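# no sequence on hand, only this structure:
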Ligand SMILES: Nc1ncnc2c1ncn2[C@@H]1O[C@H](COP(=O)(O)OP(=O)(O)O)[C@@H](O)[C@H]1O
Ligand SMILES: N[C@@H](CCOP(=O)(O)O)C(=O)O
């Protein structure tokens, strides 16, 4: 029996659309076993079929290894809420690919897993931290190969996930991001992304507040997240920042004081009773 555990991921981190992401401590745990008959258990019935992303990842892993796909049973236990911007699909894909490597007792080469997983997911920013952990920036080199750079995060920061009671489909949320932007927007995004990485590594919350000002996706996607403006107002009034995790609906709050963080959580939980609010930690 093979067991693979993959963390949730918060992609974009505001300024790094389709390139930045960090692993956080919510997990998808997958068991793969030889079986007489193909089966999938543990997840929603809608995903208990051959389109299942763990199974599809397993198939791609087998293809890469030039092995025939064996008849297996898959059990998926996941703490990662689906379609909430915490990389549930990437966790499934990565678990399936790693599962195939482990099934055939092959070395799990992270670089190879990254290439297969990015091809399946279409963007590298969730799968990279799901594989490497920590805060990752993934980029495509001139040969179409994805490379990863890890960035440090100062341990003075506290992260909180505000998980709404509604889903946002990543496919739908990608359609509303403009395909073209002005060079002034590119310059804004680049400069603020670099400033944000600096602020995350140094613990400079003032710089972080100045740096987190996304103009590529937040202005369009916030319309899909009922309550976004109100949450942002409450967070900013408490000297902290908030961004849309992946394509939403989850929002991640970054604070540098546990008192301020607790005050924000108390206020938000009263106002948004149906939202699940969880403190999370970066998984390195
Ligand atoms: N526990 C699970 N078991 C099986 N498939 C899952 C599970 N969680 C998520 N998925 C797959 O991931 C898809 C959601 O992906 P997506 O819309 O990209 O949202 P997210 O932001 O959570 O990654 C689901 O439609 C399903 O195919
Ligand atoms: N860069 C992607 C990230 C999607 O993350 P998810 O967790 O919502 O799947 C995007 O912004 O579309």
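Happy to help now that I have it. This one's a predicted model, so the numbers in the text were calculated from it and none came from an experiment. Ligands and ions are numbered 1, 2, ... in the order given.
# what ranges do the strands span in the stretch 151-284 of the chain?
158-163, 241-244, 251-255, 276-280 (DSSP state E, counting those that start in this stretch).
# the host helix or strand of residue 95 packs against which elements?
Residue 95 belongs to helix 88-103 when elements are defined using DSSP states H and E. Secondary-structure packing of helix 88-103 (3 or more Cβ pairs under 8 Å, 6 or more residues apart in numbering; DSSP states H and E): strand 2-11, strand 20-34, helix 53-64, strand 72-78, helix 110-121, helix 127-132. C-beta: built from backbone N, CA, C; applies to glycine.
# residues in contact with whichever helix or strand comes after the longest one?
Same thing as strand 20-34. Going down the chain from strand 20-34, the next helix or strand is strand 39-41, by DSSP H and E. Strand 39-41 has contacts (Cβ atoms under 8 Å, 6 or more residues apart in numbering) with 47, 48, 49, 52, 54, 55, 73, 74, 75, 76.
# top of these by neighbour count?
Greatest neighbour count in those, by other Cβ atoms under 10 Å, goes to residue 54: 29 neighbours.
# okay, buried residues for the helix or strand of the chain with the lowest mean pLDDT please.
When each helix and strand of the chain is scored by mean pLDDT, DSSP states H and E, helix 170-175 comes last, with a mean of 94. Neighbour-count burial for helix 170-175, with 16 or more other Cβ atoms under 10 Å as criterion, is recorded at 170, 173.
# for stretch 114-123, same thing?
114, 115, 116, 117, 118, 120, 121, 123.
# briefly note if that stretch comes near ligand 1.
No: against ligand 1, stretch 114-123 shows no contacts by Cβ under 6 Å from any ligand atom, the least distance being 8.0 Å.
# wait, does that stretch contact ligand 2?
Yes: counting by Cβ under 6 Å from any ligand atom, ligand 2 has neighbours in stretch 114-123: residue 123.
# what's in contact with that stretch?
For stretch 114-123, contacts defined as Cβ under 8 Å, 6+ apart pick out 11, 18, 53, 56-57, 60-61, 64, 89-90, 93-94, 97, 124, 127-128, 130-132, 138, 145-146, 148.
# against ligand 1, which of those make the cut? List them.
Among these, the ones lying near ligand 1 by Cβ under 6 Å from any ligand atom are 53, 89.
# now the contacts of stretch 114-123: which count as buried?
The buried subset of the contacts of stretch 114-123 - by 16+ other Cβ under 10 Å - is 11, 18, 53, 56-57, 60-61, 64, 89-90, 93-94, 97, 124, 127-128, 130-132, 138, 146, 148.
# residue contacts, residue 42?
Per Cβ under 8 Å, 6+ apart, neighbours of residue 42: 75, 76, 77, 78.
# do that again at 6 Å, thanks
75, 76, 77 (Cβ atoms under 6 Å, 6 or more residues apart in numbering).
# need the residues of the stretch 101-250 of the chain near ligand 2, please.
Residues of the stretch 101-250 of the chain lying close to ligand 2 by Cβ under 6 Å from any ligand atom are 123, 125, 126, 170, 173, 174, 246, 247.
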